[in-house]
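Novice: Have a look at this prediction, sequence included:
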Amino acid sequence: MRNFWVKRKYGTLVICVFICFSFFIIHCSPPGDSSPPDQPAVPTNVTVLRSGADFQVTWSGVSGADAYQVYRRQGNGSFFLLAGAEVDATEYTQSDGSYPKDTTLQYAVKSISGVAYSELSDPSNMVSAWVQNLEPSRLAYNDRIRLTWDVHPEAPEYYNVYRYVKSGPDTYNLDKTFSNITHNYYEDTDAGLSPETPYFYRVTWVGLVNTVPTEFGQDAPLQYGVFSDTKTDVNEPNDDYTDAMRLEKDVMANGVLYSYGDGGGGVVSDTDWYKYTGAAGKSICVTINYPDPTQFQNGDLHFEFYYEGVPQGAQDIIIDPIPNINFFNFDIPAAAGTVDLYFRIYSTIGSARKVTGEYTIKMTY
């Protein structure tokens, strides 16, 4: 009986030693074929050339790569893998006639070696069919319409400006063409312009495709501009909250407000901002005087105080009483140091009326 247990003990010891030794060998042996494959290099020099609806993407090849994946993004969105865009060449052409023309496109590439993928390459150059952010002026000049737009990312040879007039609900007739503009702005001072008439503009760009000048962006949406031969707020530095005009006590200031329909249901309305800067605890009185007669009617114009960035409730400006004087008061709460009290005058008029009106404003306390 004693010998039996001794054998079992020694047998158990041998088994334990064997298992521990095997565990040591397995975990301490140098790595073999099970290590992850080496990641291939990232493709470089990714470039895209657009010709109509075709986008030809090219890049510099990577040594040892078996294939490549092509990605695209729109605007500032994320890159996504194009369907079927895994190729063994260093170029890829995507045909996409329905691509979003109102934004920019960029491409990027990954290389593949076996089962390993590289990181995504740097983005390609940007391509776009439309000129971005075309903004004609609207009652900002009294003898011209000024157009500005973003410099096109594809470095065009020049731009063309097309001016249209509206002849029906959805009908626009070409009125004038201005060609070979080499910067991203243009002032339309054409003698044929009529005041308080909406004009509609489109800007195209011309680039070289295989050395051939080619025009792009002919289907971009039209943007309208208008000018007035009456006084507008060209010299007022108070069109938004950040550029509010500071009023001094008992000093009269002149202003102009306007509201103008574009003929298609849209409205451009002016807002004039002013502010008091000074001690707290004062009772501020703002006086607004409109001449008689004026184009504005009751319900067209409004006044509103803003204190610490919070609107205090809009009030109507009354036009009827002669001499058309309106008074608005605000009691600034007591506080330490200097405070700012903002107030604005603005219009809310439907698109059927074209109104421009002058006024005077004065602040007392």
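Specialist: It's in. The structure presented is a predicted model; accordingly, all values stated were derived computationally and were not measured.
Novice: all contacts plus neighbour counts: C-alpha atoms, from now on.
Specialist: Will do.
Novice: Kindly provide the distance from G207 to P221.
Specialist: The gap separating G207 from P221 is 20 Å, by CA to CA, to the nearest Å.
Novice: where does this protein have low pLDDT?
Specialist: 1-36, 139-142, 230-237, 262-266, 292, 321-323, 351-352 (pLDDT under 70).
Novice: so where do the helices sit in the protein?
Specialist: 2-28 (DSSP state H).
Novice: ok, D66 - contacts?
Specialist: Taking CA atoms under 8 Å, 6 or more residues apart in numbering, we find D66 in contact with 88, 111-114.
Novice: any chance of those residues in a markdown table, with neighbour count and distance to L82 too?
Specialist: Compiled in a markdown table, the contacts of D66 are given as follows (neighbours: other CA atoms under 10 Å; distance: CA to CA, whole Å):
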| residue | neighbour count | distance to L82 |
| --- | --- | --- |
| D88 | 15 | 15 |
| S111 | 29 | 14 |
| I112 | 23 | 15 |
| S113 | 19 | 19 |
| G114 | 13 | 20 |
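Novice: Report the two of those separated the most.
Specialist: D88 and G114 (12.4 Å; CA to CA).
Novice: Against E187, how distant is the residue nearest in space to the middle of the chain?
Specialist: Among the residues of the chain, the one closest to the centroid is N133, at 7.6 Å (CA atoms, centre = their mean). Separation of N133 from E187 (CA to CA) stands at 16 Å.
Novice: do the same with T242
Specialist: Relative to E187, T242 is positioned 27 Å away (CA to CA).
Novice: picking up where we left off before, can you put the contacts of D66 in TSV and add distance to D38?
Specialist: Formatted as TSV, the contacts of D66 follow (distance: CA to CA, whole Å):
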residue	distance to D38
D88	19
S111	12
I112	11
S113	8
G114	9
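Novice: Quickly name whichever of those residues is closest to F330.
Specialist: For the contacts of D66, the minimum distance to F330 (CA to CA) is 67.0 Å, reached by S111.
Novice: Kindly state the beta-bridge partners for the closest one.
Specialist: Counting by DSSP bridges, S111 forms beta bridges with Y68.
Novice: And Y159, by the same measure?
Specialist: In beta-bridge terms (that is, DSSP bridges), Y159 pairs with I181, W205.
Novice: can you list the domains in the protein?
Specialist: The chain is divided into the following domains under automatic domain parsing: 44-117, 135-225, 241-364.
Novice: for these, which one sits closest to S124?
Specialist: Of those, nearest to S124 by CA to CA is domain 44-117, at 5.0 Å.
Novice: how distant is the closest one from the center of its chain?
Specialist: Distance, stretch centre to chain centre, for domain 44-117: 25 Å (CA atoms, centre = their mean, to the nearest Å).
Novice: quick one: the nearest residue to A279 once chain neighbours are set aside from K101, how far?
Specialist: Of all residues not flanking A279 in the chain, T338 sits nearest, at 5.0 Å (CA to CA, 6 or more residues apart in numbering). For T338, the distance to K101 (CA to CA) stands at 50 Å.
Novice: out of these two, which sits in the busier spot?
Specialist: K101 (18 against 9; other CA atoms under 10 Å).
Novice: shouldn't the more buried one be in contact with W130?
Specialist: Yes: between K101 and W130 there is a contact under CA atoms under 8 Å: 5.9 Å.
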